[in-house]
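**Q** based on what follows, work out the 3D shape:
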Amino acid sequence: KYIGDAIMAFWNAPLDDPQHAANACHAALDMLDRLGALNAELAAEAAAANKPHAEIRIGVALNSAECCVGNMGSQQRFDYSVLGDGVNLAARLEGQTKYYGVRILIGEETRKLAPDFAALEVDLIRVKGKTVPARIYALLGRPERAATADFQALARGQEAMLAAYRARDWSAAESALARLKAAGGDELLPLCALYERRIAEFRRSPPPPDWDGVYTAESK
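**A** Alright, predicted model coming up:
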């Protein structure tokens with residue numbers, strides 16, 4: 001369904017889809033693949049017409065949860081749709097793709113249901129309107145990529161960085177970030193820059209003793 005400039009899709013209804021999480025991950029990655037081709041086409045058209053090209057960019061978020069699905073509304077407005085807290089979290093995560101500098105964010109339950117995909121834990125975040133933090137992941141590729149030695153090394157590096165960061169070992173976290181930047185290339189530069197800024201701020205103003213490593217989002 002269309003929501004302003006956004007598109008919302010859901011799986012596992014009205015027909016059961018045992019692979020709903022994996023299918024959602026494939027769809028999100030397919031969207032990025034097609035977007036790359038579309039931008040190339042638009043750039044060529046703009047160049048042929050001697051006009052500037054504005055690249056189209058999108059953020060995608062996936063979340064898996066029990067929701068209320070069905071025909072809702074009245075005679076004035078009737079729609080087959082989905083409602084629930086899990087839908088709200090998906091919308092909040094989509095808004096955070098810009099903050100983290102990644103193109104696809106997925107929730108913890110989606111990650112559990114689609115463990116074979118190439119995904120890295122990004123953060124523990126408390127989104128707007130929620131009190132319980134959510135563990136979120138950047139979806140970077142399909143199972144084929146997850147099986148490569150390079151990606152597995154990247155995942156270990158990210159885990160080491162987050163462990164040092166949450167333990168307040170800023171020096172170890174910075175060292176891990178340097179290795180991540182070298183191994184991850186442009187794909188992880190925005191995320192690494194974000195953690196570098198956080199660490200610099202914590203060096204100037206250390207977190208309180210009861211800090212749990214959770215980031216509280218300031219925007220939707």
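
**Q** any idea how far the residue of the chain most remote from its centre lies from residue 83?
**A** In the chain, residue 75 marks the outermost C-alpha relative to the chain mean, sitting 37.0 Å out by CA atoms, centre = their mean. Distance of residue 75 to residue 83, computed by CB to CB, to the nearest Å: 19 Å. (Each C-beta comes from the backbone N, C-alpha and C, glycine too.)

**Q** and the biggest helix by length in the chain, what does it pack onto?
**A** What stands out as the longest helix in the chain, according to DSSP state H, is helix 20-48. Counting contacts by 3 or more CB pairs under 8 Å, 6 or more residues apart in numbering; DSSP states H and E, helix 20-48 is packed against strand 60-62, strand 104-107, helix 108-113, strand 134-141.

**Q** so which of these gets nearest residue 177?
**A** strand 134-141 (14.9 Å; CB to CB).

**Q** between the closest one and helix 20-48, how many degrees?
**A** On the basis of axes from the mean of the first three to the mean of the last three CA atoms, to 10 degrees, strand 134-141 is oriented at 60 degrees to helix 20-48.

**Q** what's the spacing between strand 134-141 and its chain's center?
**A** 5 Å (CA atoms, centre = their mean, to the nearest Å).

**Q** any buried residues in it, and which?
**A** For strand 134-141, the neighbour count (16 or more other CB atoms under 10 Å) marks 134, 136-141 as buried.

**Q** could those residues go into a markdown table alongside distance to residue 21?
**A** Listed next are those as a markdown table, based on distance: CB to CB, whole Å:
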| residue | distance to residue 21 |
| --- | --- |
| 134 | 16 |
| 136 | 15 |
| 137 | 12 |
| 138 | 16 |
| 139 | 11 |
| 140 | 16 |
| 141 | 15 |
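
**Q** and which of those residues is nearest residue 17?
**A** residue 139 (18.3 Å).

**Q** for the spatially most central residue of the chain, what are its contacts?
**A** The centroid of the chain falls nearest to residue 105 when counting by CA atoms, centre = their mean (1.2 Å). Contact analysis of residue 105 by CB atoms under 8 Å, 6 or more residues apart in numbering lists 59-62, 93-94, 96-97, 122, 136-139.

**Q** redo these as CSV? Include pLDDT and distance to residue 128.
**A** As requested, the contacts of residue 105 are exported to CSV (pLDDT from 0 to 100; distance: CB to CB, whole Å):
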residue, pLDDT, distance to residue 128
59, 96, 16
60, 98, 19
61, 98, 14
62, 98, 19
93, 95, 11
94, 95, 12
96, 95, 10
97, 96, 15
122, 97, 17
136, 97, 14
137, 98, 19
138, 98, 20
139, 98, 22
